[in-house]
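In: got a sequence here, can you model it:
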Amino acid sequence: MNSGSEAAPRRDHARHAASPHSDDPWEKRARNDIEVARVAQQRAQQCLPKSLLLYYDGPCPARQPLATPPAGRRGPGPSIQPTLVTVPAHPVPIVILDTNVVLDWLVFRDARSQPLALAITSETLHWYATPAMREELDHVLGRPPLTARAVDSSVLWRDWARWCTEVVPNSNPLSVAIPQCTDRDDQKFIDLALTLRARWLVSRDRAVLALARRLRDWGVQVVTPEGWSAPAD
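Out: Sure thing, here's the model as predicted:
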């Protein structure tokens, strides 16, 4: 008489034991959050708009010759000796440039980046980068479609050495949780902007631009090159 009623609990127990996941609602929510984050990261990496001119099939725009770096400055990038800093001790506003913005300025001479470039070259804006950012730029220069273009990398690295201050951020982590980018490759730009208390982070990547509102609370303005404007003061 009791064999049937005893068999049911055993079947239920076996079904739960065979299930790879718990039915606990908190664990379900955690698994769901992880999956949502994974999918968002994949979509961001697939949809990130890099330099608008990077995939342009027409002729390169006319380029203006770059100024020769002053004596004592070294290039190309790999010979630069970065300095260890936490927060610069000068009042000039700081800007961090994403790789796609550097390409627009130093490779394609995109007119939309010229106001930003003028602020940097006139030293009313100070551009900082890290060795990892230089390595990313070097990697992009060595792969299609840029390899099919006549890009004089020596000129690019001369200009990098003249206008960019390359630094190694302090290895001590920030004491509070900082905004995280869905594209891990772009997190270094956010980390440096927060570490140096930069006024601007200039990018075309959707994953970076998506953090504009959160980073504004930290004092960092996230804009595109054409969206940047010099401060009134």
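
In: name the helix or strand for Ala117, please.
Out: helix 114-121 (DSSP states H and E).

In: strands paired with the next helix or strand along the chain from that helix, and their directions?
Out: Next helix or strand after helix 114-121 toward the C-terminus (DSSP H and E): strand 126-129. Sheet pairing of strand 126-129 (DSSP bridges) gives strand 94-97 (parallel), strand 164-169 (parallel).

In: got those as TSV, with distance to Asp104 columns?
Out: The C-beta positions use only the backbone N, C-alpha and C, and glycine is treated the same way. Shown next, in TSV, are these (distance: least, Cβ to Cβ, whole Å):
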stretch	distance to Asp104
strand 94-97	9
strand 164-169	15
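
In: winner for burial among those?
Out: strand 94-97 (a mean of 25; mean count of other Cβ atoms under 10 Å).

In: what does that one contact?
Out: Residues from elsewhere that reach strand 94-97, judged by Cβ atoms under 8 Å, 6 or more residues apart in numbering: 88, 105, 116, 119-120, 125-129, 189, 192-193, 196-203.

In: quick one: the helix holding Ala117 to strand 164-169, angle?
Out: Taking axes from the mean of the first three to the mean of the last three Cα atoms, to 10 degrees, helix 114-121 and strand 164-169 form an angle of 70 degrees between their directions.

In: then helix 114-121 to PDB, C-alphas only?
Out: Only the C-alpha atoms of helix 114-121 are listed here, as PDB (Å, rounded to 0.1, in the frame of the first residue of the first chain):
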ATOM      1  CA  GLN A 114      41.000  68.900 -35.200                       C
ATOM      2  CA  PRO A 115      39.600  71.100 -32.300                       C
ATOM      3  CA  LEU A 116      40.600  68.500 -29.900                       C
ATOM      4  CA  ALA A 117      44.000  68.100 -31.600                       C
ATOM      5  CA  LEU A 118      44.600  71.800 -31.500                       C
ATOM      6  CA  ALA A 119      43.900  72.000 -27.800                       C
ATOM      7  CA  ILE A 120      46.500  69.200 -27.200                       C
ATOM      8  CA  THR A 121      49.100  70.700 -29.500                       C
END
